[in-house]
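Visitor: How does the following fold in three dimensions:
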Amino acid sequence: MKRFCLLLLFVTACDVPPPNVVVILIDDLGWRDTGVYGSTFYQTPNIDRLAAEGTRFTQFYASSPVCSPTRASIMTGKHPARLQITNWIGGMANDRLLQAEYRHALPLEETTMGDIFQEAGYNTTYIGKWHLGTENFGPENQGFETVLASNDAGRPGSYFAPYTDVNFAASNVPDLETDPDSTYLTDRLTDLAIDVITSHRENPFLLILSHYGVHTPIQAKPQDVQRFQSSDMHTEFKPELFGGATRTTQDHATYAAMIASVDESVGRILQALEDTGLQKNTIVVFTSDNGGLSTLSRDRRWAPTSNLPLRAGKGWLYEGGLRIPLIVRGLKDIPPTKDQPGTTDDLLPTITALAGIDNPAVVDGIDLFTTPVPDRFLYWHFPHYHGSANRPSGAVRSGRYKVIEWFENDAAELYDLESDPGETVDISKFEPGLTRELLHRLETWRSTVNAQMPRPNPDYSDQPGDS
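Guide: Purely as a prediction, here's the structure:
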């Protein structure tokens, strides 16, 4: 507390309590997976309420189409390519290209959100999924004093106690071994978060509640699943590039029930803030780490959601893989919606600015509430293969236009997101000059951040039967 007052000595009086910060991070929640963002199937009254009380961002993006890179950007404010964490930690096998090398842990020398708030005198707590390194690279080594239920994998062993998978020990969720068998993980993590809120009401806190939901395995409480089951379901898929297939309907009852549990969690957190009298002095941030899982290779037709009208989903640099919800409830007058494009690189500088905390870190992001950048370029770098059938690629957005570059064959696609947000019409052949200009911008940016690139695979053969 004393450190916080010293930091704000010339800004505010020390009798003004520093604001608390609660970040609710949902895994794999798509842009259209809530009512306030357009779903008529999923029921999210608490998330919708949060949006009504805060700011809803309409063009907010994950810095990567997969989890680990995005989470690294949230923690540091830096682009995943600069951090050289460009793939989910684990990754897939090489194919036509040797995938770019990437770090398998967030370096300890990086300044994280936890470090900054801890230095400002806050209690810092991280609950749930981390997926930014094992052993000595967990959140307890990155500025968080209290760490609960955080495993070393990208998913839980199960959503039901004891939250284990005998075939994948790294996915077992720690710290909750004594929970009754019927306990649901999303509910249990919320219990832990509420305990933090009630026990730290006298001191400022940063709480990151990083839910495993709605990542696979697709499991939900049976009573919730029944609410969404209907005989009218008619799941449909449409073809995507590279042998992919994209779900076009939101009608998966179990997935809907998982979202309902996440929404209930949000409601319980908001109620806990009200019950403790902290709601007027707590910043609440709600977001996801990549687009919804809607697209997989065609022989795997179990993707649980649809991002339409956006194209494709998790693992792709099309809008469905990148655009995500962002809702911020702050402490001052902020607009009900913001259409300014932004990425998860921006969360750290935005949150520290809202909290009135000096951010000593060098970041790629900006404060989304006070730093208008009308000509800003947004970049993505995903030099990897993915189970969604996507291939190594990069992208850049400038204003209404977005280019996607495919690294296997140096092909490029150009889209006008203002008139075609679903990226249905490639206009690169009609705008060759603009396409070349944006590709040049993308190449220059990659050089600036020292982005690692894939290379031809000398062992690859596309002849049937060749090894």
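Visitor: Please report how far A355 lies from F60.
Guide: Note on A355: its distance to F60, by C-beta to C-beta, to the nearest Å, is 19 Å. In this view, the C-beta of every residue, glycine as well, is placed from N, C-alpha and C.
Visitor: same deal with R71?
Guide: Distance from R71 to F60, by C-beta to C-beta: 15 Å.
Visitor: and if you look at Y401?
Guide: Where F60 is concerned, Y401 sits at a distance of 18 Å (C-beta to C-beta).
Visitor: quick revisit: out of A355 and F60, name the residue with the larger neighbour count.
Guide: The neighbour comparison of A355 against F60 (other C-beta atoms under 10 Å) goes to F60, with 26 against 22.
Visitor: Pull the contacting residues for the more buried one.
Guide: 287, 323-326, 341-343 (C-beta atoms under 8 Å, 6 or more residues apart in numbering).
Visitor: hmm, 10 Å instead?
Guide: F60 sits next to 31, 287-288, 322-328, 338-344, 346-347, 368 when contact means C-beta atoms under 10 Å, 6 or more residues apart in numbering.
Visitor: Give me the ChimeraX select line for those residues, limited to the buried ones.
Guide: A single ChimeraX command selects the buried members of these (16 or more other C-beta atoms under 10 Å):
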select :31,287,288,322,323,324,325,326,327,328,338,340,341,342,343,344,346,347,368
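Visitor: Select from the contacts of F60 every entry located in helices.
Guide: Taking DSSP state H, the ones among those that sit in helices are 322, 347.
Visitor: Surely T124 and V23 touch.
Guide: No - using C-beta atoms under 10 Å, T124 makes no contact with V23, being 11.1 Å away.
Visitor: Any idea which residue is closest to the centre of the chain?
Guide: Central residue of the chain (C-alpha atoms, centre = their mean): D289, 0.9 Å from the mean position.
Visitor: Tell me how far T305 lies from G154.
Guide: T305 is 18 Å from G154, by C-beta to C-beta.
Visitor: Check D375 too.
Guide: Using C-beta to C-beta, D375 is found at 36 Å from G154.
Visitor: So these two - more neighbours on which side?
Guide: The residue with more neighbours, out of D375 and G154, is G154; 23 against 6, by other C-beta under 10 Å.
Visitor: where does the residue nearest to that one when sequence neighbours are not counted fall, phi/psi-wise?
Guide: Nearest-residue entry for G154: H131, 4.9 Å, with adjacent residues in sequence omitted and distances by C-beta to C-beta, 6 or more residues apart in numbering. Dihedral angles of H131 (phi, psi; degrees, to the nearest 10) stand at phi 60, psi 40.
Visitor: Pull the contacting residues for H131.
Guide: Going by C-beta under 10 Å, 6+ apart, H131 touches 27, 66-68, 70-72, 88-90, 106, 150-155, 210, 212, 215, 289.
Visitor: now swap in N359 and tell me
Guide: By C-beta under 10 Å, 6+ apart, the contact set of N359 is 77, 111, 113, 116, 120, 348-353, 365, 367.
Visitor: helices or strands up against the longest helix along the chain?
Guide: Ranked by residue count, the top helix of the chain under DSSP H comes out as helix 253-275. In this structure, helix 253-275 makes packing contacts with strand 20-26, helix 45-53, helix 185-199, strand 205-210, helix 222-228, strand 282-288, strand 326-329, judged by 3 or more C-beta pairs under 10 Å, 6 or more residues apart in numbering; DSSP states H and E.
Visitor: which SS class is the closest residue to L83 other than its chain neighbours?
Guide: Distances taken as C-beta to C-beta, 6+ apart place A72 nearest to L83, at 5.2 Å, with adjacent residues excluded. The assignment at A72 comes out as helix when based on DSSP: H, G, I helix; E, B strand; the rest coil.
Visitor: looking at it, the residue nearest to the centre of the chain is touching P80, isn't it?
Guide: No - counting by C-beta under 10 Å, D289 does not reach P80; the two are 11.4 Å apart.
Visitor: which residues are common contacts for the two?
Guide: In contact with both D289 and P80: 62-64, 66, 68-71, 73, 344, using C-beta under 10 Å, 6+ apart.
Visitor: Out of these, which is nearest to L417?
Guide: A62 (15.9 Å; C-beta to C-beta).
Visitor: wait, T249 sits on T305?
Guide: Yes - using C-beta under 10 Å, T249 makes contact with T305 at a distance of 9.0 Å.
Visitor: Comparing those two, which residue is more hemmed in?
Guide: Comparing T249 with T305 by other C-beta under 10 Å, the one with more neighbours is T305, at 30 against 15.
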